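Colleague: Give me a model of this one.
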Amino acid sequence: MLLFNCKAHSTFFTRSAFFLTPFLVLMLNACDKKSEVLPDVENQNESKDALALSVTPAPVTFDPAFYHVDFGKNVLVFDPSMDTQLMQDALDRLHEQQAFDEFSSQRYALLFKPGQYNLNITVDYYTQALGLGQLPSDTRINGAVQSVTTTEGTKVTTMFWRSAENFYVKPQDELMYWAVSQAAPYRRMHVAGNVNFDKHGWASGGVLANSIIEGRAGLTSGQQWFVRNSQVGKWEGGNWNRVFVGVEGAPARDWPKKPTTVIDATPIVREKPQLMLNEQDEYVVFVPEVRHNTSGVSWLPREGKAEAGKHIPLHDFYIARADKDDSDSINAALKQGKHLLLTPGVYKMEETIHIEHADTVVYGLGLPTIIPIKGQTAIETADKDGIILAGVMVDAGLLSSPSLITVGEEKASADHAQNPVSLHDVYCRVGGALYGTADTCLTINSHQVLVDHVWLWRADHGVGADWEINKSRHGLVVNGDDVTIYGLFNEHFQEYQTVWNGERGRTYFYQSEIPYQPPSYEAWNDGSKMGFASYKVADSVTSHQAWGLGIYSFFRGKSTIENNMRLSNAIEAPEHAGIEFQHMIIFAGLNGGIDHVINGQGPSVNVGELKFFERFNGAEASPTH
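Modeller: Numbers count the residues shown, from 1 in each chain. Now for the predicted structure:
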């Protein structure tokens, strides 16, 4: 829902023409024409920022026993001494509220103190379930930690924005479901049983990281999946693209019969920080150390030693709440050297959040969402060592932002090899929940940045999902050198989805749908080429590597179909030594198709076709098929 007062805002924007985006032009026109594209809001109450997410009527309330004085009423803390039925009732009520509320304004974190529980924990939209033990086995669930909601029978293609972390689960059923699509990681889990990542219908997941599945793990109908630093008893299934990096028990290499990419060791990674209770029953945030050339989970003791890292006490964090904090209070705390813990909520910010100090941790509980309401960058980091951004989402606002998140200033030059900046479970979206526009979602200027799962989404459905409204050129622009990304989901942007200008970049798993409804080649072309490649490595780059890339088209809409829209190349990259792509997948659905995999080479796909391309080496005259 959008709140926009025609009388008040038309005067302001016509006097300030340089602020106008194409969306705002449409908005002002709608005031005169009562456009059906945009809502009639004359009778709506005005707000200071003209923005509003859909609001859940009368959100559920809970027994005060669940609340923690510092975290607010959207964080529920469970204790094994509580009555089991009281806990299950709370979980069931929350499930009923959030199960289908795709663009909800509500956010929740479910924290479980160490101990044993007989519960079924169902995780839905904008909910994070988190065990507070130092190891998954400290918080034991007899029952399930699951995502089971479906639409249209068994589809889970829109089951986004949720997570489960740091539990030991003994499933009550033979098969437990974490049936999800993008932005729904299953992390630091130990499941004494079997897990399926879809419900036997359309699915577009997903990420399993730093976890043990003792039994069978896998898919029946899901399009793709990424597994990193885990251990599985057996993996089965999957259709288009599945990538395993540093996974013990990964399936056999059988490309292209089975579109599977297996890399034995993860070259460098820092696992996501975790909120937990220490031995004194005090809240701390554990920040794991960077590890090199690893396989399997980080948290199992090795040679008698516990997982390496540091525990940051909660009193070193500024605990922000959406109902009381703004950009001034948050920036003041960061400037004083505090870490930042964002509790669940929607934060409408009038200024950029500046992260200036080395080793600052910004930790989000329950998918806190930041909206930059004045067209500014939402989050910006200095070019300093060890900054961590984890569990945060940014929604574009009405006024176009140059970048929703920027890591390091332009022309950043510091060497972070010993203590890299890292991003974990970071999501950006343009449209869907509210009207918004941004040039780019995520810009990385610093060197040696580690990215551990991101979803960058220009909305294809929901509020403002229209070619002329939620305008955004790029999901990701990488200018820094030696950037490594694990699990890059990047979709529907209007030019290149990914632009890589830095040297020695590496991507492990890429999932991208190109925009659905480009109206014409006049509106969507890269010079003489039809459309924009999804993954673009700049011509100046001398070294780049990527593994397991899936790029798909689903053209739809009247003008798109009438103009026979197609994409020339899924990927574009320089053709010289040092440029290597391995295991590329393209698919065409609905209408149109893709003419080539990379640089005019590789097969084409038309509607219903899935094709594979094994390898591209820029030094070779003829790539291997």
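
Colleague: only C-alpha atoms for contact and neighbour calcs from this point on.
Modeller: Will do.

Colleague: where does the protein dip in pLDDT?
Modeller: 1-57, 621-625 (pLDDT under 70).

Colleague: what about the spatially closest residue to Thr149 that is not a sequence neighbour, neighbour count?
Modeller: Setting aside the residues directly before and after it, Thr149 is nearest to Ala99 in space (CA to CA, 6 or more residues apart in numbering), at 6.3 Å. By other CA atoms under 10 Å, 18 other residues sit near Ala99.

Colleague: cool, Asp89 as well?
Modeller: Asp89, neighbours per other CA under 10 Å, totals 12.

Colleague: where does it land in three-state SS?
Modeller: State at Asp89, reduced to three classes by DSSP: H, G, I helix; E, B strand; the rest coil: helix.

Colleague: Next one: it relative to Val60, how far apart?
Modeller: 12 Å (CA to CA, to the nearest Å).

Colleague: can you map out the helices along this protein?
Modeller: 6-15, 22-33, 84-98, 327-335, 558-562 (DSSP state H).

Colleague: Which strands and helices lie in contact with the fourth one?
Modeller: Taking 3 or more CA pairs under 8 Å, 6 or more residues apart in numbering; DSSP states H and E as contact, the helices and strands that helix 327-335 lies on are strand 317-320, strand 339-342, strand 353-355.

Colleague: Could I get the contacting residues of Asp92?
Modeller: Thr122 (CA atoms under 8 Å, 6 or more residues apart in numbering).

Colleague: if I look at it, how far off is Leu86?
Modeller: Taken as CA to CA, the span from Asp92 to Leu86 is 10 Å.

Colleague: before we move on, what about Met189?
Modeller: Counting by CA to CA, the gap between Met189 and Leu86 amounts to 25 Å.

Colleague: When these two are compared, which one has more neighbours?
Modeller: Set Met189 next to Leu86 and count neighbours by other CA under 10 Å: Met189 wins out with 26 against 11.

Colleague: Let me know whether the more buried one touches Ile212 as I believe.
Modeller: Yes: with contact defined as CA atoms under 8 Å, Met189 counts as touching Ile212 (6.1 Å).

Colleague: Against Leu610, how distant is Gly201?
Modeller: Distance, Gly201 to Leu610, by CA to CA: 18 Å.

Colleague: Grab the most central residue of the chain for me.
Modeller: Nearest to the geometric centre of the chain sits Trp455, at 2.9 Å (CA atoms, centre = their mean).

Colleague: Does it touch Tyr427 like I think?
Modeller: Yes: in this structure, Trp455 is within contact of Tyr427 by CA under 8 Å, at 4.9 Å.

Colleague: joint contacts of the two?
Modeller: Shared contacts of Trp455 and Tyr427, counting by CA under 8 Å, 6+ apart, come down to Ala183.

Colleague: list the contacts for Ala306?
Modeller: With contact taken as CA under 8 Å, 6+ apart, Ala306 is in contact with Trp299, Leu300.

Colleague: contacting residues around Gln497?
Modeller: Here Gln497 is in contact with Arg473, His474, Gly475, Leu476, Asn490, Glu491, Ser512, Ile514, Ala533, Ser534, Tyr535, Lys536 (CA under 8 Å, 6+ apart).

Colleague: The third one contacts Thr498, correct?
Modeller: Yes: with contacts counted by CA under 8 Å, Gly475 reaches Thr498, the gap being 6.1 Å.

Colleague: Tell me which of those two has more neighbours.
Modeller: Each of Gly475 and Thr498 has its neighbours counted (other CA under 10 Å); Gly475 has more, 32 against 27.

Colleague: And the more buried one, how far from Asn501?
Modeller: On the measure of CA to CA, Gly475 and Asn501 end up 14 Å apart.

Colleague: ditto for Ile571
Modeller: Using CA to CA, Ile571 is found at 14 Å from Asn501.

Colleague: Then His544?
Modeller: Counting by CA to CA, the gap from His544 to Asn501 is 10 Å.

Colleague: Check the contact lists of those two and give me the overlap.
Modeller: In contact with both His544 and Asn501: Val537, using CA under 8 Å, 6+ apart.

Colleague: What residues of stretch 189-200 count as buried?
Modeller: Within stretch 189-200, the residues that count as buried by 16 or more other CA atoms under 10 Å are Met189, His190, Val191, Ala192, Gly193, Asn194, Val195, Asn196, Phe197, Asp198, Lys199, His200.

Colleague: which one of those residues is nearest Lys384?
Modeller: Closest approach to Lys384 among the buried residues of stretch 189-200 (CA to CA): Met189, at 31.3 Å.

Colleague: check contacts around the closest residue to that closest one other than its chain neighbours.
Modeller: In space, and not counting its chain neighbours, Met189 is closest to Ser211: 4.6 Å by CA to CA, 6+ apart. By CA under 8 Å, 6+ apart, the residues touching Ser211 are Tyr186, Arg187, Arg188, Met189, His190, Asn229, Ser230, Gln231, Gly296, Val297.

Colleague: wait, Leu434 sits on Ala465?
Modeller: No: contact criterion CA under 8 Å: Leu434 and Ala465 do not qualify, at 9.2 Å.

Colleague: Tell me which of the two has more neighbours.
Modeller: Set side by side, Leu434 and Ala465 show more neighbours around Leu434, with 27 against 20, by other CA under 10 Å.

Colleague: Okay, the more buried one and His461: tell me how far apart.
Modeller: Taking CA to CA, one finds Leu434 at 11 Å from His461.

Colleague: show me where the stretch 301-450 of the chain has strands.
Modeller: Secondary structure of the stretch 301-450 of the chain, counting by DSSP state E, counting those that start in this stretch: strands at 309-313, 317-320, 339-342, 346-349, 353-355, 361-364, 369-372, 379-381, 388-395, 401-407, 422-430, 438-444, 450-458.

Colleague: For these, give me a markdown table that also has distance to Met584.
Modeller: Converted to a markdown table, the strands of the stretch 301-450 of the chain look like this (distance: least, CA to CA, whole Å):
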| stretch | distance to Met584 |
| --- | --- |
| strand 309-313 | 36 |
| strand 317-320 | 42 |
| strand 339-342 | 38 |
| strand 346-349 | 38 |
| strand 353-355 | 37 |
| strand 361-364 | 34 |
| strand 369-372 | 33 |
| strand 379-381 | 33 |
| strand 388-395 | 29 |
| strand 401-407 | 28 |
| strand 422-430 | 24 |
| strand 438-444 | 24 |
| strand 450-458 | 19 |
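
Colleague: mind checking which of those is nearest His596?
Modeller: strand 450-458 (23.7 Å).

Colleague: which residues touch that closest one?
Modeller: By CA under 8 Å, 6+ apart, the surrounding residues in contact with strand 450-458 are 182-183, 207, 269-272, 420-432, 441-442, 465, 470, 472, 475-476, 483-493.

Colleague: What angle do strand 388-395 and it make with each other?
Modeller: Relative orientation of strand 450-458 versus strand 388-395 (axes from the mean of the first three to the mean of the last three CA atoms, to 10 degrees): 0 degrees.

Colleague: and strand 450-458, how far from the chain's centre?
Modeller: 4 Å (CA atoms, centre = their mean, to the nearest Å).
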